[in-house]
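S.K.: Predicted model and sequence follow; I will ask about them next.
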Amino acid sequence: MTEEERPVSEVINKVLQAGKAASAVDLARLSCLEKHHLQHFQQSWQGADAVHRLNLISQLVELSENDFTLDFTAIFSLSVDDLDERIRIKSVEGLGLEDKQAYVRPIIKALQTDESEEVRSAAAGALGKFALMAENDELPEGLSDDIFNALLGMLENSREPVSVRRRALESISAFQREPVGQYIEDFYYSDDAAVKASAIYAMGRNCKTSWLNYLIDEMQSGTAEFRYEAAQASGELEDEEAVPYLIDLVEDDDHEVQEAAIVSLGKIGGEEARQFLKNITGRDDPRIREAAKAALTGLTACEDPLSLNF
């Protein structure tokens, strides 16, 4: 009997057996479990020790990130109520990888009720994808409102730790609603560098060209983290006015800032950006060279999809 032929119940028993490292083949068999298999998993899950449960959930999250054909959301939905904080964090992250609206409410529940700051922060971040879907009219209006209100509730609650409120701002910034813009501006003027960085990131997700002057200022900041976030955010705005400043950042002392600037030049496009990217494909630095080639490929794909050979 091959691993693929082994009954699912046996696979569940095997992967939840303490001290046994689960293979990728066995873990993949846990994708899209049927109801009776999920019940069996839940019973076996409760008997496994916390370290083994954490390792298993971490492996499932990693597999989900690398293979979009696998779906472990039923397991993540089950484990999001685990007694172990670390497992709940991983479970929320796993739910956030999917785009199924059925799993939005467990994330909202974790955001609003979990006693752990780290879990609430993870939940706020996990709602970011769904906030974008909501703004693009890909979710029912009632669910979109629930996402918006849950995130806004975190922002309005000054007793919430800054880690949670930062992630809430980053996620809610996809919405073109009041008072999102005001919160972005308020966080931008914070004395806390991490809070300000989140605001710069949020400007990009908010996609309003009115943020461009803020981003141009931050691309000239003395703080590498701000330059990096501003470079990334300007790519989301896709305004060619940012191109000269991004070109300057390709000579930045910070490698991450350089690469963020190149990626954004590829997103913005235009003749100036295209010509500059072509020029730096001949650089000696392999990082710059490869990043520029990738940006040009993406730019060509957006402008003329039929020009690519598959």
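M.R.: Perfect, I can see it now.

S.K.: Going by C-alpha atoms from here, please, whenever you check contacts or count neighbours.
M.R.: OK.

S.K.: got the domain boundaries for the protein?
M.R.: Listed by automatic domain parsing, the domain ranges of the chain are 1-82, 99-206, 208-310.

S.K.: Please tell me I have it right and Arg88 contacts Ile75.
M.R.: No: using CA atoms under 8 Å, Arg88 is not in contact with Ile75; the gap is 11.4 Å.

S.K.: These two: who's more crowded?
M.R.: Ranked by neighbour count (other CA atoms under 10 Å), Arg88 and Ile75 place Arg88 first, with 28 against 22.

S.K.: Could you look up the SS state of that one?
M.R.: helix (DSSP: H, G, I helix; E, B strand; the rest coil).

S.K.: all helices for the stretch 101-250 of the chain, in order.
M.R.: Under the criterion DSSP state H, counting those that start in this stretch, the stretch 101-250 of the chain contains helices at 104-113, 117-135, 141-156, 162-172, 180-188, 193-206, 212-218, 224-237, 243-249.

S.K.: What is the distance between the fourth one and the centre of its chain?
M.R.: Taking CA atoms, centre = their mean, to the nearest Å, one finds helix 162-172 lying 13 Å from the centre of the chain it belongs to.

S.K.: Next, the angle helix 117-135 makes with it.
M.R.: Relative orientation of helix 162-172 versus helix 117-135 (axes from the mean of the first three to the mean of the last three CA atoms, to 10 degrees): 10 degrees.

S.K.: tell me what helix 162-172 is packed against?
M.R.: If contacts are counted by 3 or more CA pairs under 8 Å, 6 or more residues apart in numbering; DSSP states H and E, helix 162-172 sits against helix 117-135, helix 141-156, helix 180-188, helix 193-206.

S.K.: now do 7 Å
M.R.: Helix 162-172 sits against helix 117-135, helix 141-156, helix 193-206, with contacts defined as 3 or more CA pairs under 7 Å, 6 or more residues apart in numbering; DSSP states H and E.

S.K.: Lys278 is nearest to which of these?
M.R.: Among the helices and strands packed on helix 162-172, the nearest to Lys278 by CA to CA is helix 193-206 (25.4 Å).

S.K.: what sits up against that closest one?
M.R.: 166, 169-170, 173-176, 184, 187-190, 211, 225-226, 229-230, 233-234, 236-237 (CA atoms under 7 Å, 6 or more residues apart in numbering).

S.K.: just stretch 274-286 next, same as before
M.R.: With CA under 7 Å, 6+ apart as the test, stretch 274-286 has contacts from Arg289, Ala292, Lys293, Leu296.

S.K.: do you know how far the residue nearest to the third one when sequence neighbours are not counted is from Ala292?
M.R.: So the one you mean is Lys293. In space, and not counting its chain neighbours, Lys293 is closest to Thr281: 6.1 Å by CA to CA, 6 or more residues apart in numbering. In this view, Thr281 and Ala292 are 6 Å apart by CA to CA, to the nearest Å.
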